[in-house]
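Q: give me a 3D structure for the following:
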Amino acid sequence: MGQFESFIGVNFWTALFVLLNTLAVFFVARKCLFNPVHRMIEKRQQEIDGLYADAGKAKADAQAMRSEYEEKLSVARATSERMVKEAVVRGQKREEEIVREANAQAASILTKATADAAMEKKKAINDAKDEIAEMAVAIAGKVIGRELTQADQTALVDHFIDELGDKA
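A: Model (predicted):
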């Protein structure tokens, strides 16, 4: 074997020693390096899986919150629309009430003005009748040529006023 070893250049014992050393390094590396690295990779994978699970849960929560928000928003919109409609109805009722009150006040003012005008007319007529009666008594006294008593004056004035009332 001497020639074979010199031809190939490999010593059997050296090759065996190298093989055993390689296996020993492999088992030690596996025990001390591969297993901890493998455990570290599995731990990291679990963390990543947990993060994905948390992200999925957060996404589901966000979707739930979004649907809740949209529901509350639609309720708020409906409420605001209802409130606006109620305010419009109240405004219209108030407007009608104000118009009714204004019409009633205008009618009251018109009635009072008519009554005041009628009273003023009556007062003016009475004043005119008094003046006419005084003039009639004075004229009658001059025509008759004598002085009239109070009873005669009253009878004459009443007769004159009745004639004026019939003509008017």
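Q: report all helices and strands that the helix or strand encompassing Val157 contacts.
A: Secondary-structure assignment from DSSP states H and E places Val157 in helix 150-167. The criterion is 3 or more C-beta pairs under 8 Å, 6 or more residues apart in numbering; DSSP states H and E, and the helices and strands that helix 150-167 contacts are helix 35-144. (C-beta placed from N, C-alpha, C; glycine too.)
Q: tell me the mean pLDDT over the helix it packs on?
A: On average, the pLDDT along helix 35-144 is 89.
Q: from the middle of its chain, how far away would it be?
A: 11 Å (C-alpha atoms, centre = their mean, to the nearest Å).
Q: and it, what does it pack onto?
A: For helix 35-144, the packing partners by 3+ C-beta pairs under 8 Å, 6+ apart are helix 150-167.
Q: just how off-centre is the helix holding Val157 within its chain?
A: Using C-alpha atoms, centre = their mean, we find the averaged C-alpha position of helix 150-167 to lie 76 Å away from the chain's own average C-alpha position.
Q: so for that helix, what gets flagged as buried?
A: Within helix 150-167, the residues that count as buried by 16 or more other C-beta atoms under 10 Å are Gln153, Leu156, Val157, Phe160, Ile161.
Q: just want the angle from it to helix 35-144.
A: 120 degrees (axes from the mean of the first three to the mean of the last three C-alpha atoms, to 10 degrees).
Q: one step back: turn the buried residues of helix 150-167 into TSV, columns for pLDDT and distance to Lys43.
A: Written out in TSV, the entries for the buried residues of helix 150-167 read as follows (pLDDT from 0 to 100; distance: C-beta to C-beta, whole Å):
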residue	pLDDT	distance to Lys43
Gln153	72	137
Leu156	72	137
Val157	72	132
Phe160	71	133
Ile161	73	128
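Q: brilliant, that's me finished.
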